[in-house]
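Novice: how does the following fold in three dimensions:
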Amino acid sequence: MFYRVFFPLWLAFWLLPFCVVSRADTPSVAIVYPEVHEPYLSVFQEIARGMEQELGKPVRHYLLNESDTVTAERLINTLKNDRIDVVVTLGRAGLAVAKPLSSVFPVVIGATIIRPNEVPRGLTGISLTPAPEAMFDHLIKLVPNIKKVTVIYDSRQTAWEIDHAEQAALERGLILNAKPTENLRDSSELFQQILREVKDNSIALWLPRENTAMDEQSLLPEVLREAWEKNFVVFSSNLDHVRKGALFSLYPDNFGMGRSLANLALQQTQSKGKFESVKLLRDLLVAVNLRTADHLGLRFSNQTRREFAMVFPTR
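Specialist: Numbers count the residues shown, from 1 in each chain. Okay, here's the model as predicted:
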């Protein structure tokens, strides 16, 4: 892997106001992420801007290139020479170097799906998996009469997320009907059963972000078609499903995520890298399919509409 410091002149001018107000005791923060093209580059840069606003000072960028063979030891030496206090790694490539870096620096990981069993000891971070609490809060806000949420999930992939969701549902007075499956045939039968049993719109169907139990080509269109015909709610952790007809989804607020990662970085420096926790993503934006909402008879206040960061169909 290759790395290099990336700090363009225009960014230095843009950050000048932050440099003026920065506190002398704020740690020096590095972000390490893969060298990528658009649109992914803009995502990482937006995260960096959020971090810089929260810290009140610039962060230093170190890019990873898999075509080279530079060792983690060399990266560690560069970070030492640059007097870095704490490192934030982004993406899967960043996660791959997080463990060796954590032997020397406090490390925070982010901008990738992180399952609890993937996190090395001594690390903290934020997964791209949307927090079920946020999903359910928006569901209740948009469709107050919902009482029960059904989810079909791959037990090998998403069980940890569903465990978290069960507690979140309980705290909000919702019943979570979670049905595990391990293959597409069984999941298809479960979906067919649920579609037959749906009687009214007090039940919602949740489609998790990582869901190999869902056949996107044949089963998803059938589920959305049945939802339209029977007037019940389908919401998803996958933004693309809203474009196809799901009522709403939540997707990452990259600037807000950057601010949260900066706060974790400060906690890591204070605890000297001993703070261990993986948080689910709460910095989220709302996408809504207004055509589906209108079909369901939902009416939103002007205040609620202003909270929609993205609407479908696009005009």
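
Novice: show me the shaky parts of this structure.
Specialist: 1-24, 66-70, 210-211, 272-276, 315 (pLDDT under 70).

Novice: so where do the strands sit in it?
Specialist: Secondary structure of the chain by DSSP state E: the strands cover 5-6, 29-34, 60-64, 86-90, 107-112, 124-130, 148-154, 175-181, 203-207, 233-236, 248-252, 277-281, 284-289, 308-312.

Novice: for Ala48, find the nearest of those strands.
Specialist: Proximity to Ala48 (C-beta to C-beta) singles out strand 29-34 among the strands of the chain, at 5.7 Å. (C-beta placed from N, C-alpha, C; glycine too.)

Novice: for the closest one, packing partners?
Specialist: Where contact means 3 or more C-beta pairs under 8 Å, 6 or more residues apart in numbering; DSSP states H and E, strand 29-34 is packed against helix 40-55, strand 60-64, strand 86-90, helix 91-102.

Novice: quick one: the third one to helix 40-55, angle?
Specialist: The one in question is strand 86-90. With axes from the mean of the first three to the mean of the last three C-alpha atoms, to 10 degrees defining the directions, strand 86-90 sits at 150 degrees from helix 40-55.

Novice: ok, now how distant is the nearest residue to Ala165 once chain neighbours are set aside from Leu63?
Specialist: Nearest non-adjacent residue to Ala165, counting by C-beta to C-beta, 6 or more residues apart in numbering: Pro132, 3.7 Å away. Separation of Pro132 from Leu63 (C-beta to C-beta, to the nearest Å) stands at 34 Å.

Novice: show residues contacting stretch 132-140.
Specialist: 146, 149, 161, 164-165, 168-169, 171-172, 174, 204, 206, 233, 235, 237, 248, 250, 280-282, 284, 286 (C-beta atoms under 8 Å, 6 or more residues apart in numbering).

Novice: at 6 Å what do you get?
Specialist: Contacts with stretch 132-140, where a contact means C-beta atoms under 6 Å, 6 or more residues apart in numbering, come from Ile146, His164, Ala165, Ala168, Arg172, Phe235, Leu250, Arg282, Leu284.

Novice: residues near the last one, how many?
Specialist: The one in question is Leu284. Other residues lying near Leu284 total 21 when counted by other C-beta atoms under 10 Å.

Novice: test my guess that it contacts Leu250.
Specialist: Yes. Using C-beta atoms under 6 Å, Leu284 is in contact with Leu250, at 4.0 Å.

Novice: list residues touching both of the two?
Specialist: Overlap of the contact sets of Leu284 and Leu250 (by C-beta under 6 Å, 6+ apart) consists of Pro130, Ala134.

Novice: I'd like the distance between the closest residue to Ile113 other than its chain neighbours and Arg209.
Specialist: Leaving aside its chain neighbours, Ile113 sits nearest to Leu128 (5.1 Å; criterion: C-beta to C-beta, 6+ apart). Shown here: Leu128 relative to Arg209, a distance of 8 Å by C-beta to C-beta.

Novice: I'm done for today, thanks for sticking with me.
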